[in-house]
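A.B. asks: let's see this in three dimensions:
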Amino acid sequence: MEGVPEPHTGWTFLTNHARVLAAIADNHSARIRDIAAHCRLTERAVQKIIADLEQDGYLSHTREGRGNIYSIDPSKVLRHPAEAGLTVASLLSLLVQAEADRSR
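C.D. replies: Take a look at the predicted model:
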């Protein structure tokens, strides 16, 4: 089936929610299709993840033309008790720095 990424087996360090959030942080006007390709997920999975993030206040969107512009609330605290007090901004900061280092 064209457009559906190859499945990944085994565990990973980041959740799909973190991957989608990082992709949106990188491009606030990214299309779901592009986010899905970048994260190696189906478009339907990305739609569900975006809905989860919006429902819990981590993300919001405004319609602009035929697309969406996403807005991330950087002050939201991560959900797991082990990360108590850490914010979305701190997570994204780590991911952005790692991506910048990898690009060099």
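A.B. asks: show me where pLDDT drops low in the chain?
C.D. replies: Where the chain drops to pLDDT under 70, the residues are 1-8, 97-104.
A.B. asks: helices of that one, start to end?
C.D. replies: Listed from the start of the chain, the chain has helices (DSSP state H) covering 16-26, 32-39, 43-55, 88-103.
A.B. asks: what's the shortest one packed up against?
C.D. replies: Spelled out, that is helix 32-39. Packing contacts for helix 32-39, counted by 3 or more C-beta pairs under 8 Å, 6 or more residues apart in numbering; DSSP states H and E, involve helix 16-26, helix 43-55. C-beta here means a position set from N, CA and C on the backbone, and glycine is covered the same way.
A.B. asks: most tightly surrounded among the helices of the chain?
C.D. replies: When neighbours are counted by mean count of other C-beta atoms under 10 Å, the highest per-stretch mean among the helices of the chain falls to helix 16-26, a mean of 20.
A.B. asks: can you tell me what sits against that helix?
C.D. replies: The set of residues that contact helix 16-26 without belonging to it, under C-beta atoms under 8 Å, 6 or more residues apart in numbering, is 14, 30, 34-35, 38-39, 41, 45-46, 49-50, 52-53, 58-59, 70, 72, 88, 91-92, 95-96, 99.
A.B. asks: repeat that for stretch 54-70.
C.D. replies: Defining contact as C-beta under 8 Å, 6+ apart, one finds that stretch 54-70 is touched by 21, 24, 28-31, 50, 53, 71-73, 76, 79, 88.
A.B. asks: fine by me, thanks again.
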